[in-house]
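Asker: Quick one, fold the following:
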Amino acid sequence: EKLINSCAQVIAHDPEAIENAKQIFGQKIKYSHDNYQGLKDADALIIVTEWNDYREPDFKKIKKLLKNPLIFDGRNLYQPARMKKMGFEYFSIGRK
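Answerer: Numbering: from 1, shown residues only. This is a model prediction of the structure:
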């Protein structure tokens, strides 16, 4: 809601809950039915779910698609040192 209220364009993908998201957010956000489609020219990737589809993504593809190699990981799916080595600015939410 805060992103939407601050006029951010949100593109969401979830292999299981996209229909539920549509009921909650309606047309306030855009929806992607592909893991990578919504990343093209995005400022950042925010991870808030931990489906298997997200555990071992194509990081080279992600980096190429994003405008900035920036990831906020709310599920702590990746190792910070690995992300840094691959050239991502990585914020692992809740991890010290």
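Asker: in the least confident helix or strand in the chain by mean pLDDT, what counts as buried?
Answerer: Lowest by mean pLDDT, DSSP states H and E among the helices and strands of the chain is helix 52-55, with a mean of 88. Buried residues in helix 52-55, counted by 16 or more other CB atoms under 10 Å: Y54. C-beta: built from backbone N, CA, C; applies to glycine.
Asker: okay, that helix in PDB with CA atoms only?
Answerer: Output in PDB follows, covering the C-alpha atoms of helix 52-55 (Å, rounded to 0.1, in the frame of the first residue of the first chain):
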ATOM      1  CA  ASN A  52      10.500 -22.600  -5.400                       C
ATOM      2  CA  ASP A  53      10.400 -20.600  -8.600                       C
ATOM      3  CA  TYR A  54      12.300 -17.800  -6.800                       C
ATOM      4  CA  ARG A  55      14.900 -20.000  -5.000                       C
END
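Asker: Let me know the next secondary structure element after that helix.
Answerer: helix 59-65 (DSSP states H and E).
Asker: Please list the residues outside that next one that contact it.
Answerer: Helix 59-65 has contacts (CB atoms under 8 Å, 6 or more residues apart in numbering) with Y36, L39, K40, D41, A42, L45, P69, I71, M86, G87, F88.
Asker: List buried residues within the residues you listed.
Answerer: L39, A42, L45, P69, I71, F88.
Asker: Any regions of the protein where pLDDT drops low?
Answerer: 96 (pLDDT under 70).
Asker: sorry, back to before: let's have the buried ones among the contacts of helix 59-65 in TSV, adding distance to S32.
Answerer: TSV is the format used below for those (distance: CB to CB, whole Å):
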residue	distance to S32
L39	8
A42	10
L45	12
P69	19
I71	16
F88	20
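Asker: Which of these fall in strands?
Answerer: Among these, the members found in strands (DSSP state E) are L45, I71.
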